[in-house]
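Q: I would like to see how this sequence folds:
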Amino acid sequence: MQHELNLLQRFAGTFLKDVNLGVMLINTDFELIDISDMACRVLGLDREQVLQLPMEQVFADLPAEHQLVQRSILDGMVVRNHALSWTNNQERYELLVDSNVLRDEESRVVGAYIIFKDVTNLRSLEEQVQRSDRLAMIGQIAAGTAHEIRNPLTSIKGFLQVIRKTLQDQGLEKESGYTEVMLQEINRINELVNEFLLLSKPKNVTYDKVDVSQVLRDILPIINNEAILHRVVVQYEAMYDLPLVVADREMLKQVFLNICKNGIEAMGDGGFLTITEKADVEERKVNIIIHDTGPGIPMYVVDKIFDPFFTTKVEGTGLGLSVCQRIIHDIGGHIRVSSKGFGTTFTVSIPFP
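A: The predicted model follows:
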């Protein structure tokens, strides 16, 4: 019996330290009795500082409804495979949570446990597949209809320019102004058609070994010019000897310009845009982290920003980030976003050989 007890104790100790699960044990006073290493890492907690503390104190900086654990857990509220998003230090995690009470031999509640699994990569993969399917369908429609839209637009634009010239010659400035508005709207339609075509796979993609640092240095003057207009300060943190990636250079420029421009516009008037290069040797990925100090993205919106046609801008098409996502997916990478309600961080991960 003693041997079995020792075995169980060893298992419990190993479970909390080595197993890749978030585990939290709570007593009937709603105090944290033990926590696994993985839970500390994901939740951003220091084990020694939070043990024996009331759970309200452990998550003191969060409103009650956003805390991982509710007091109702001690009333026997069972949770199974509850999907939850958690942001810690600009890193966003997708968690699957289980919880239940612990009872003694007399069936009295003596505490509760919370176990969670980090399924960020799995959820991300699922979303990538769904978005890729949608983008592929939109791309096919775009490629098939773009010319049919453009041809009549070209004719309309040509005749409108003739009419505008005639109206100007006759001194009909008011009517000439109407044609000016119509021509601007036609140009907007043309731009939208161009973005549609980007969703379908371009014919002239050139994959080659690319120095991402050089790509960023090439577009830095453009980013700086945009930043000056919005009184934003750009901070570029380069990494020496960043591994080369296999990609299309011009398309990478498009991705980084789009994300940086979004960040600068989100800040409105003043702020900091930080571009950081990192190499993850273990995962064999180059990470470009773009952080702004803007108002952040609400949690109910953050999951939709890569969806085609979703936009928060008055004149946005909602295709910019969709195109970026497709470009990075096509080279085996991914784009992740995290926001805490103040500031937003985009991480572009690209594999290297």
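
Q: buried set for stretch 46-58?
A: With burial defined by 16 or more other C-beta atoms under 10 Å, the residues of stretch 46-58 counted as buried are 50, 55, 58. Where C-beta positions appear, they are placed from N, C-alpha and C, glycine not excepted.

Q: how much space between the last one and residue 34?
A: Spelled out, it's residue 58. Separation of residue 58 from residue 34 (C-beta to C-beta, to the nearest Å): 12 Å.

Q: same question for the first one.
A: Using C-beta to C-beta, residue 50 is found at 10 Å from residue 34.

Q: shared neighbours, the two?
A: Taking C-beta atoms under 8 Å, 6 or more residues apart in numbering as the contact rule, residue 50 and residue 34 have no neighbour in common.

Q: for the stretch 151-300 of the chain, what spans make up the strands?
A: Assigned by DSSP state E, counting those that start in this stretch, the strands in the stretch 151-300 of the chain fall at 208-210, 232-237, 245-247, 271-280, 285-292.

Q: residue 223 is nearest to which of these?
A: strand 232-237 (5.8 Å; C-beta to C-beta).

Q: partner strands of that closest one and their direction?
A: Each strand paired with strand 232-237, and its direction, by DSSP bridges: strand 271-280 (parallel).

Q: quick check: mean pLDDT of the biggest strand by length in the chain?
A: If you go by DSSP state E, the chain has its longest strand at strand 91-103. Strand 91-103 carries an average pLDDT of 79.

Q: so how far is it off the chain centroid?
A: 22 Å (C-alpha atoms, centre = their mean, to the nearest Å).

Q: just the buried positions in it, please.
A: Buried residues in strand 91-103, counted by 16+ other C-beta under 10 Å: 92, 93, 94, 95, 96, 97, 99, 101.

Q: can I get the CA coordinates of that strand in CSV?
A: Extracted in CSV, the C-alpha atoms of strand 91-103 (Å, rounded to 0.1, in the frame of the first residue of the first chain):
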residue,chain,number,x,y,z
GLU,A,91,1.7,35.9,-27.0
ARG,A,92,-1.8,34.5,-27.7
TYR,A,93,-2.7,31.0,-26.7
GLU,A,94,-5.7,28.9,-27.6
LEU,A,95,-6.5,26.6,-24.7
LEU,A,96,-8.9,23.6,-24.1
VAL,A,97,-9.9,23.6,-20.5
ASP,A,98,-11.3,20.8,-18.2
SER,A,99,-12.2,21.2,-14.6
ASN,A,100,-14.0,19.4,-11.8
VAL,A,101,-14.1,19.1,-8.0
LEU,A,102,-12.0,16.6,-5.9
ARG,A,103,-13.8,14.6,-3.2
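
Q: so which elements touch the helix or strand following it?
A: Downstream of strand 91-103, the first helix or strand assigned by DSSP states H and E is strand 109-118. Using 3 or more C-beta pairs under 8 Å, 6 or more residues apart in numbering; DSSP states H and E, the elements in contact with strand 109-118 are strand 22-27, helix 37-43, strand 91-103.

Q: these: which one's closest to residue 162?
A: Minimum separation from residue 162 across the helices and strands packed on strand 109-118 (C-beta to C-beta) falls at strand 91-103, 54.4 Å.

Q: list the contacts for residue 162?
A: Not one residue lies near residue 162 by C-beta under 8 Å, 6+ apart.

Q: return the distance of it relative to residue 152.
A: Remark: distance between residue 162 and residue 152 (C-beta to C-beta) = 16 Å.

Q: doesn't residue 149 fall inside a helix?
A: Yes. Counting by DSSP: H, G, I helix; E, B strand; the rest coil, residue 149 falls inside a helix.

Q: next, count neighbours for it.
A: Around residue 149 there are 15 other residues, counting by other C-beta atoms under 10 Å.

Q: so the closest residue to residue 235 other than its chain neighbours bridges to which residues?
A: Nearest residue to residue 235, sequence neighbours excluded (C-beta to C-beta, 6 or more residues apart in numbering): residue 274, at 4.5 Å. Using DSSP bridges, the bridge partners assigned to residue 274 are residue 235, residue 291.

Q: which residues in the protein form helices?
A: For the chain, applying DSSP state H gives helices covering 2-17, 37-43, 47-50, 55-58, 120-169, 173-199, 212-229, 249-267, 299-302, 320-330.

Q: need the least confident one among these, by mean pLDDT.
A: helix 2-17 (a mean of 60).

Q: got CSV for the helices and strands packed on strand 109-118, with distance to residue 346 too?
A: Converted to CSV, the helices and strands packed on strand 109-118 look like this (distance: least, C-beta to C-beta, whole Å):
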stretch, distance to residue 346
strand 22-27, 26
helix 37-43, 21
strand 91-103, 11
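
Q: among those, which comes closest to residue 320?
A: Ranking these by proximity to residue 320 (C-beta to C-beta) places strand 91-103 first, at 20.4 Å.

Q: list the strands paired with that closest one, with their directions.
A: Strand 91-103 has its sheet partners listed here by DSSP bridges as strand 79-88 (antiparallel), strand 109-118 (antiparallel).

Q: show me the contacts for the residue nearest to residue 78 when sequence neighbours are not counted.
A: Leaving aside its chain neighbours, residue 78 sits nearest to residue 100 (5.1 Å; criterion: C-beta to C-beta, 6+ apart). By C-beta under 8 Å, 6+ apart, the residues touching residue 100 are 76, 78, 79, 112, 113.
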